[in-house]
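Peer 1: Just a sequence and a predicted model for now, questions to come.
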Amino acid sequence: APDAILRFRRFILDLAVRGKLVEQDPRDEPACELFKRIQTEKARLAQAGEIKTGKPLPDIVENESPFRIPTSWQWVRLNDITSYIQRGKSPKYATGEGLPVISQKCVQWGGLELESAKLITRDSIKDYEPIRFLRSGDLLWNSTGTGTIGRIIRVKEPRPKLVCDSHVTVVRCLEVNAEYVRSWLRSDHVYAVIEDRAAGSTNQVELTSQLVMNQVVPLPPLAEQHRIVAKVDELMALCDRLEAAQTERENGRDRLVGSSLNRLNNGADPDAFRDHARFYFNHLPRLTTRHEHIQQLCRTIRHLAVCGKLVPQDPTDEPAKVLLAKVEANSKTYALEQGIAPPNPDPIAKEDGDFAAPSGWEWVRLASLFKVITDGDHQPPPKASDGIAFLTIGNITTGKLDFTNCRFVGEEYWESLSP
């Protein structure tokens, strides 16, 4: 399936964060002991003035935990296992030379992309506290914007004095495996619902610092965290290889589809055309696996139809020349009755046709086939709640007449128009 590998990646993360990807080892130090060590270290850092102490967060209630976890695990809040959670601040951008600042565009699933980073003035970097400079292992979590909110990466050996703007939250883990925490935050239990949980006062979704700090996390023993991360990395690498193989296979399929349809569209010899058509339809399931393939086939069918290759010609059919004479006579009669000029199309030269028309066909100008060709009134008519339907572009964009949300003009206006 086209989305099979994406679904497999999500499945891997789901198993990982529920303790079902690797086995629990009873010899591992339980998460409750790890949690105590983290709290001791946070107290030490706060006393030393290296971090700030915030207000205590509420206890985790039962409806906050989405599933049951192994007995050696513990539900915690993200703030309880971090030394620093803070959104970046609004930068002072440089007009020329400066230092890069990370925005949400820089935080991509493939990693940190500094190529799209804007620059801030070198003087403004003096206003940043040292704790704001990114460190190896920091998590960068996009905090605003539909479609971008929730993307999260782990920084590896960042350049000196690298900072974030106000649309990215920095999460600095303490005594836990940051990559495991990232696995949880990008799993469907968090990422898939982040837009629904986020709120904003400026007509955009926003991941507030309070929401980030209160985010619950299923915490395994530290040793198990490392095993989980190793297994996730192994399986994601397998997904990468599968994805590369799938891409190569799909590229080959696309080339085969294009070549097959090209032979159908351009095969002049009837016998060769039949062979090409037989090959295509014998392999139809393989050549129509995606929506684009169906669209290409539809275009080919229409092309074959107007070239006279979709059905055989019958020599007993009335030729198009006779039909055209009837249409021309009908148009002249209508023009005379309505007091309008009859169609007067330009003659068609031999080179005007895109292809050689089958026997019995004729190339004609579009005007030769209609009594009247005209556009609508350039002055919009007065609106009415009901009456005569007034068509606009929106009523025909689907390829057929769609009267949904159709406008109307009154009967009086209609009657006032010239016949």
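Peer 2: Perfect, thanks for sending it.

Peer 1: Make sure I have this right: Ser368 is in a strand.
Peer 2: No: read with DSSP: H, G, I helix; E, B strand; the rest coil, Ser368 is helix and lies in no strand.

Peer 1: Touching, it and Asn330? I think so.
Peer 2: No: with contact defined as C-beta atoms under 8 Å, Ser368 does not reach Asn330; the gap is 11.2 Å. (C-beta placed from N, C-alpha, C; glycine too.)

Peer 1: More neighbours: these two, which one.
Peer 2: Relative neighbour count places Ser368 above the other of Ser368 and Asn330, with 15 against 11, counting by other C-beta atoms under 10 Å.

Peer 1: what residues are up against the more buried one?
Peer 2: 324, 327-328, 331, 343, 345 (C-beta atoms under 8 Å, 6 or more residues apart in numbering).

Peer 1: what about the nearest residue to Ile228 once chain neighbours are set aside, neighbour count?
Peer 2: The shortest distance from Ile228 to any non-neighbouring residue, by C-beta to C-beta, 6 or more residues apart in numbering, is to Ala16 (5.1 Å). By other C-beta under 10 Å, the residues close to Ala16 number 24.

Peer 1: The helix or strand harbouring Ala16 packs against which elements?
Peer 2: Ala16 is part of helix 4-17 when elements are defined by DSSP states H and E. When contacts are defined as 3 or more C-beta pairs under 8 Å, 6 or more residues apart in numbering; DSSP states H and E, helix 4-17 packs onto helix 178-185, helix 222-266.

Peer 1: now the angle between helix 222-266 and it, please.
Peer 2: Helix 4-17 runs at 170 degrees relative to helix 222-266, counting by axes from the mean of the first three to the mean of the last three C-alpha atoms, to 10 degrees.

Peer 1: same question for helix 4-17, mean pLDDT?
Peer 2: Average pLDDT, helix 4-17: 95.

Peer 1: Residues in contact with that helix: which ones?
Peer 2: Outside helix 4-17, the residues that touch it by C-beta under 8 Å, 6+ apart are 1, 21, 183-184, 186-189, 218, 228, 231-232, 235-236, 239, 242-243, 246.

Peer 1: Go through it and flag the buried ones.
Peer 2: By neighbour count with 16 or more other C-beta atoms under 10 Å, helix 4-17 contains the buried residues 5, 9-10, 12-17.

Peer 1: quick one: the helices in the chain?
Peer 2: Along the chain, counting by DSSP state H, helices occupy 4-17, 31-47, 178-185, 194-197, 209-214, 222-266, 270-282, 284-287, 291-306, 320-338, 411-416.

Peer 1: Least confident of those helices, on average?
Peer 2: Taking the mean pLDDT of the helices of the chain, helix 411-416 comes last: a mean of 74.

Peer 1: re the thing from before, buried among the contacts of Ser368? Need that as a selection in PyMOL.
Peer 2: Command for PyMOL that selects the buried part of those, burial taken from 16+ other C-beta under 10 Å:
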select buried, resi 327+328+331+343
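
Peer 1: Reformat the contacts of Ser368 as a markdown table; add distance to Glu195.
Peer 2: A markdown table is the format used below for these (distance: C-beta to C-beta, whole Å):
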| residue | distance to Glu195 |
| --- | --- |
| Leu324 | 60 |
| Val327 | 58 |
| Glu328 | 62 |
| Ser331 | 58 |
| Pro343 | 56 |
| Pro345 | 56 |
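
Peer 1: Quick check: Leu297 vs Asp3, distance?
Peer 2: 22 Å (C-beta to C-beta, to the nearest Å).

Peer 1: who's more crowded, the two?
Peer 2: The neighbour comparison of Leu297 against Asp3 (other C-beta under 10 Å) goes to Leu297, with 18 against 8.

Peer 1: ok, the more buried one touching His291?
Peer 2: No: distance between Leu297 and His291: 10.8 Å, which falls outside the contact criterion (C-beta under 8 Å).

Peer 1: Comparing the helices and strands packed on helix 4-17, which stretch has the densest surroundings?
Peer 2: Most buried of the helices and strands packed on helix 4-17 by mean neighbour count (mean count of other C-beta atoms under 10 Å) is helix 178-185; its value is a mean of 22.

Peer 1: Kindly tell me how buried Gln338 is, as a neighbour count.
Peer 2: A count of nearby residues for Gln338, using other C-beta under 10 Å, gives 12.

Peer 1: what do you get for Leu134?
Peer 2: Neighbourhood size, Leu134 [other C-beta under 10 Å]: 21.

Peer 1: what residues are up against it?
Peer 2: 102, 140, 155, 158, 162-164, 170.

Peer 1: and what of Glu292?
Peer 2: Taking C-beta under 8 Å, 6+ apart, we find Glu292 in contact with no residue.

Peer 1: try 10 Å
Peer 2: Contact partners of Glu292, counting by C-beta atoms under 10 Å, 6 or more residues apart in numbering, are 254, 257.

Peer 1: picking up where we left off before, which member of the buried residues of helix 4-17 is positioned nearest Trp361?
Peer 2: Trp361 has its nearest neighbour among these in Ile5, at 49.0 Å by C-beta to C-beta.

Peer 1: one step back: any chance of the buried residues of helix 4-17 in a markdown table with distance to Ser259 as columns?
Peer 2: Formatted as a markdown table, the buried residues of helix 4-17 follow (distance: C-beta to C-beta, whole Å):
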| residue | distance to Ser259 |
| --- | --- |
| Ile5 | 26 |
| Arg9 | 33 |
| Arg10 | 35 |
| Ile12 | 37 |
| Leu13 | 39 |
| Asp14 | 41 |
| Leu15 | 42 |
| Ala16 | 43 |
| Val17 | 46 |
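
Peer 1: Between those, which sits nearest Leu174?
Peer 2: For the buried residues of helix 4-17, the minimum distance to Leu174 (C-beta to C-beta) is 19.2 Å, reached by Val17.
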